[in-house]
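**Q** Got a sequence here, can you model it:
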Amino acid sequence: MATAAAGTTEAEVGRVETATRARTRRAILDAAVIVLSRDPAASLGDIAVEAGVGRTTLHRYFPERTDLLDGLGHHVLDRIAAATDRAQPDRGSALAAIERLCQEYFALGGALAMICNDPQIACRPEWNQETDADRSMLRLIERGHADGSIDPEVDPRWAQQMLWALLYASWQYVNDHAAPRYQVLDQCLRTLRKALGS
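**A** Down below sits the predicted model:
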């Protein structure tokens, strides 16, 4: 049991330990995204090195590779939810909001490309059910039909699938051609506008 320093309560020590554990866990998950997006077969040791922790520490948080993959799936879903919030989907026209969503999701490139490229993660239950981000995007497209910024002939689910496919193609283009991210994002947004605009 941790001994509280002078003037520090046991509860404060517990919060510091919890915050430290959360930072270490997040560092491992962020490192796993980097390593596994480059090499889906990378070892847990490779991930530990990237995270700057010992292999024993990594195993304390994720005893088995399947535990790490479970954690990664939820970690990336949390990042998508945060990106959706940052895009402020209720502000401005629906098409402008979808462009902001696209920009936020494009910034998650490595994480989402890793999910798409790794069937061990993509086939997990959390990736095969509708999320709050999915529902938000569908509502946004329907709002675009109503506000006239999105072609009413474009089916919302088609538009949703097209956006993910366009993002994936953009990430692959950056990786395959070493293209500047800002140029690829510009092309992605231009394509999106032409595909959805009324």
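**Q** now the helices for this protein?
**A** 10-38, 44-51, 55-61, 65-86, 94-107, 109-117, 119-122, 132-147, 156-177, 181-196 (DSSP state H).
**Q** How is this structure partitioned into domains?
**A** For the chain, the structural domains run 7-63, 72-196, going by automatic domain parsing.
**Q** phi, psi of the nearest residue to residue 139 once chain neighbours are set aside?
**A** Nearest non-adjacent residue to residue 139, counting by Cβ to Cβ, 6 or more residues apart in numbering: residue 89, 7.8 Å away. Placement of C-beta: from N, CA and C, glycine included. The phi and psi torsions at residue 89 (degrees, to the nearest 10) take the values phi -60, psi -20.
**Q** just to revisit the earlier point, which of the helices of the chain comes out lowest on mean pLDDT?
**A** Least confident of those, judged by mean pLDDT, is helix 119-122 with a mean of 72.
**Q** In TSV, list the helices of the chain along with mean neighbour count.
**A** Below are the helices of the chain laid out as TSV (neighbours: other Cβ atoms under 10 Å):
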stretch	mean neighbour count
helix 10-38	15
helix 44-51	18
helix 55-61	15
helix 65-86	17
helix 94-107	20
helix 109-117	21
helix 119-122	14
helix 132-147	17
helix 156-177	16
helix 181-196	15
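**Q** So for residue 5, what pLDDT did the model give?
**A** pLDDT at residue 5 comes out at 49.
**Q** show me what contacts the residue nearest to residue 139?
**A** 97, 100-101, 136-137, 139-140 (Cβ atoms under 8 Å, 6 or more residues apart in numbering).
**Q** Quick check: the two most widely separated of those?
**A** Greatest spatial distance among the contacts of residue 89 (Cβ to Cβ): 100 and 139, at 14.7 Å.
**Q** Roughly how far does the residue nearest to residue 139 sit from residue 74?
**A** 22 Å (Cβ to Cβ, to the nearest Å).
**Q** got the CA positions of stretch 126-137 in PDB?
**A** Taking Å, rounded to 0.1, in the frame of the first residue of the first chain, the C-alpha atoms of stretch 126-137 are listed here in PDB:
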ATOM      1  CA  GLU A 126     -17.500  -3.400 -31.200                       C
ATOM      2  CA  TRP A 127     -16.700  -2.700 -34.800                       C
ATOM      3  CA  ASN A 128     -19.800  -4.500 -36.100                       C
ATOM      4  CA  GLN A 129     -22.400  -2.500 -34.400                       C
ATOM      5  CA  GLU A 130     -23.700   1.000 -35.000                       C
ATOM      6  CA  THR A 131     -21.900   3.600 -32.800                       C
ATOM      7  CA  ASP A 132     -22.900   7.100 -31.600                       C
ATOM      8  CA  ALA A 133     -20.500   8.500 -34.300                       C
ATOM      9  CA  ASP A 134     -22.300   6.400 -37.000                       C
ATOM     10  CA  ARG A 135     -25.700   7.700 -35.800                       C
ATOM     11  CA  SER A 136     -24.400  11.300 -35.700                       C
ATOM     12  CA  MET A 137     -23.100  11.000 -39.300                       C
END
